[in-house]
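Trainee: Test case, fold it:
(one chain, ligands or ions: 1)
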Amino acid sequence: MSENKLQWMGLYPEELKAALAEMGEKPFRASQFFSWLHKGAYFPEMTNLSLTLREKLAEKGIDQPVEMRERRVSQLDGTKKFLYALPDGNCIEGVLMRYHYGATLCVSTQVGCKMGCRFCASTLDGCVRNLTAAEILGQVQCANRELGEERVHNIVLMGSGEPMDNYDEVVRFLRLVSHPDGLNIGLRHISVSTCGLVPQMRKFAQEGLPVTLSLSLHAPNDQIRRQIMPVALRYTMEETLDACRYYIEKTGRRVVFEYALIDGVNASEENAEELSDRLRGMQCHVNLIPLNTVKERNLFGVTEAQVSAFLNVLERRHISATRRREMGDDIEGACGQLRKKIMREDHP
Ligand code: SAH
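Mentor: Numbering: from 1, shown residues only. The predicted model follows:
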């Protein structure tokens, strides 16, 4: 079955060259093949490769590993939610948001997630498997097909999965998606979000990949963080913030802290004051996220007035912060929500 086939799109140019050399092909054929794959082409469209070669390539591997299965468009803001099918029958989701600075795609890095954050729908059924670099890239190709003339301009690794728990494939994805002969998406237009796997964050700081690192902080101290994020039992907040400081030092880029306001848990003005104290002097930005209620868990978002009060405290204390716009609220925009809903419809 196709699941045992090679995913050609996940190979670096030099790896494609070696693979094609073994098949008796010249290096320039590998370059042509690489460029077709990363244009989103399927074998029949690769017209400057001979039919025999295309057949040999199709026998060994897959051209585009991700297929669109379902799409929903938000009536509120035009945000699109996609459900994609993978070669082994699993499905994952993505969100395409239109901002004035260009189309932003949210991609998944795993089928499900094993981090267990209390407020997150992606983790409810655990992690099924890691995605390959080709399957992360394939999501971008799919979204580009949807966009027509326009192209995905920014990417956030904020869909299902923990990127730092699928480290090698994520790094491979980042190198391939920014390759000048491929999609050539600037690393500065990419955000990688992590719940805070400290050793991997430190390693990532040394990769020479100038992406934006987002840390899902969601709490002003260890006590609260441990209530909602099991990862906080493995690494203290100070160790996690230290890893962020190391990232800033190594890359010269600020870190973004994601903070979902949860009523009665982390959203008081006192919490905002403590958070400001913890972040003082760091080159960072705080992104306040309205919580998407996950009905399975008894966690609820806050009112507009509570968001403003929290934001005011941060601003008064000179912590750069914004409130993230809510998008696609009518289409299960939050990560994991659509997949869960579809899986329930498929397997009631
Ligand atoms: N595993 C990574 C990336 C995926 S989650 C991480 O933890 O960062 C992407 C972002 O959505 C994270 O900041 C996560 O904490 C947040 N998130 C998850 N569930 C949410 C919910 N119900 N409401 C608001 N934000 C949520």
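Trainee: For the rest of this, base every contact and every neighbour count on C-alpha atoms.
Mentor: Fine.
Trainee: separation between R254 and the ligand?
Mentor: Distance, R254 to the ligand, using C-alpha to the nearest ligand atom, to the nearest Å: 16 Å.
Trainee: That residue contacts I248, doesn't it?
Mentor: Yes: assessed by C-alpha atoms under 8 Å, R254 is found in contact with I248 at 5.7 Å.
Trainee: Identify the contacts common to those two.
Mentor: Q283 (C-alpha atoms under 8 Å, 6 or more residues apart in numbering).
Trainee: How about the residues of the stretch 201-348 of the chain by the ligand?
Mentor: 215-216, 258, 260, 289-294 (C-alpha under 6 Å from any ligand atom).
Trainee: Which ones among those map onto helices?
Mentor: Judged by DSSP state H, helices contain none of those.
Trainee: pLDDT-wise, what's the bottom of these?
Mentor: Here the lowest pLDDT out of these sits on V294, with 74.
Trainee: so what's the backbone phi/psi at it?
Mentor: phi -100, psi 110 (degrees, to the nearest 10).
Trainee: Equivalent analysis for L76, please.
Mentor: Note on L76: its backbone torsions stand at phi -80, psi -50 [degrees, to the nearest 10].
Trainee: if I look at it, how far off is M97?
Mentor: 12 Å (C-alpha to C-alpha, to the nearest Å).
Trainee: Look up how far I319 lies from A272.
Mentor: In terms of C-alpha to C-alpha, A272 sits 10 Å off from I319.
Trainee: and if you look at C142?
Mentor: 38 Å.
Trainee: When these two are compared, which one has more neighbours?
Mentor: I319 (22 against 18; other C-alpha atoms under 10 Å).
Trainee: will you turn the residues of the stretch 201-348 of the chain next to the ligand into JSON lines that also has distance to Q7 and neighbour count?
Mentor: What follows is these, written out as JSON lines (distance: C-alpha to C-alpha, whole Å; neighbours: other C-alpha atoms under 10 Å):
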{"residue": "L215", "distance to Q7": "30", "neighbour count": "23"}
{"residue": "S216", "distance to Q7": "31", "neighbour count": "17"}
{"residue": "E258", "distance to Q7": "33", "neighbour count": "21"}
{"residue": "A260", "distance to Q7": "36", "neighbour count": "23"}
{"residue": "I289", "distance to Q7": "36", "neighbour count": "19"}
{"residue": "P290", "distance to Q7": "38", "neighbour count": "20"}
{"residue": "L291", "distance to Q7": "36", "neighbour count": "19"}
{"residue": "N292", "distance to Q7": "35", "neighbour count": "22"}
{"residue": "T293", "distance to Q7": "37", "neighbour count": "16"}
{"residue": "V294", "distance to Q7": "35", "neighbour count": "17"}
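Trainee: any idea which element S193 lies in?
Mentor: strand 190-194 (DSSP states H and E).
Trainee: helices or strands up against whichever strand or helix holds Q32?
Mentor: Per DSSP H and E: Q32 is located in helix 27-39. When contacts are defined as 3 or more C-alpha pairs under 8 Å, 6 or more residues apart in numbering; DSSP states H and E, helix 27-39 packs onto helix 13-22.
Trainee: Could you verify my assumption that P13 touches Q32?
Mentor: No: the criterion here is C-alpha under 8 Å, and P13 misses it with Q32 at 10.1 Å.
Trainee: So which of these two has more stuff around it?
Mentor: Neighbour totals were compared for P13 and Q32, and P13 leads with 20 against 14 (other C-alpha under 10 Å).
Trainee: contacting residues for the more buried one?
Mentor: Contacts of P13 by C-alpha under 8 Å, 6+ apart are 30-31, 34.
Trainee: Buried subset of the residues you listed, written for ChimeraX?
Mentor: The ChimeraX selection below is limited to those of those classed as buried (16 or more other C-alpha atoms under 10 Å):
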select :30,31,34
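Trainee: Just give me the closest of the contacts of P13 to the ligand.
Mentor: Top of the list for closeness to the ligand, among the contacts of P13 and by C-alpha to the nearest ligand atom, is F34 at 28.8 Å.
Trainee: got a list of what that closest one touches?
Mentor: So F34 contacts 9, 13, 16, 181-182 (C-alpha under 8 Å, 6+ apart).
Trainee: if you count what's nearby, which of L76 and M97 comes out ahead?
Mentor: Shown here are L76 and M97; by other C-alpha under 10 Å, M97 has more neighbours (21 against 11).
Trainee: Am I right that that one is in a strand?
Mentor: Yes: counting by DSSP: H, G, I helix; E, B strand; the rest coil, M97 is part of a strand.
Trainee: ok, now how distant is it from R323?
Mentor: 16 Å.
Trainee: Close to the ligand: what parts of the stretch 1-150 of the chain are there?
Mentor: Residues of the stretch 1-150 of the chain lying near the ligand (C-alpha under 6 Å from any ligand atom): 119-120.
Trainee: low-confidence ranges in the stretch 1-150 of the chain?
Mentor: Within the stretch 1-150 of the chain, the segments meeting pLDDT under 70 span 1-3.
Trainee: Contact partners for G196?
Mentor: G196 is in contact with 215-217, 231, 235, 240, counting by C-alpha under 8 Å, 6+ apart.
Trainee: so what's the backbone phi/psi at it?
Mentor: When read as degrees, to the nearest 10, the backbone of G196 gives phi 110, psi 50.
Trainee: Please report phi then psi for D181.
Mentor: The phi/psi pair for D181 (degrees, to the nearest 10) is phi -90, psi 0.
Trainee: Tell me how many other residues surround the nearest residue to it once chain neighbours are set aside.
Mentor: Spatial nearest neighbour of D181, chain neighbours left out: S35 (6.2 Å); criterion: C-alpha to C-alpha, 6 or more residues apart in numbering. Around S35 there are 19 other residues, counting by other C-alpha under 10 Å.
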